[in-house]
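1. Okay, sequence plus prediction incoming.
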Amino acid sequence: MEVLYACCEHVEVAIDDYVNEKEEAPQITKVQNQKCCYCKEDAEYEIK
Ligand SMILES: [Zn+2]
């Protein structure tokens, strides 16, 4: 797992998953034209 994409509904889940795996705080940036890793919605955030 290098980069997670999340919609506004799943961004907190994505941050939790990131922290659990990497054990460090992620950088969160706004993105367009990506799909959420947790549902079929368009992603709003990149977590890496
Ligand atoms: Zn989602």
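-> That came through, no problem.
2. Going along the chain, name the helices of this protein.
-> 11-22 (DSSP state H).
3. mind listing the strands for the protein?
-> Ranges of strands within the chain are 4-6, 28-30, 45-47, based on DSSP state E.
4. hmm, who's touching the first one?
-> Taking C-beta atoms under 8 Å, 6 or more residues apart in numbering as the criterion, the residues outside strand 4-6 that touch it are 13-14, 17-18, 26, 31, 34-38, 43-48. Using the backbone N, CA and C atoms, a C-beta is placed for each residue, glycine as well.
5. How about the last one?
-> Applying C-beta under 8 Å, 6+ apart, the contact partners of strand 45-47 are 3-8, 11, 14-15, 18, 26-31, 34.
6. how distant is it from the center of its chain?
-> 4 Å (C-alpha atoms, centre = their mean, to the nearest Å).
7. winner for burial among the strands of the chain?
-> With neighbours defined as mean count of other C-beta atoms under 10 Å, these peak in mean count at strand 4-6, which reaches a mean of 24.
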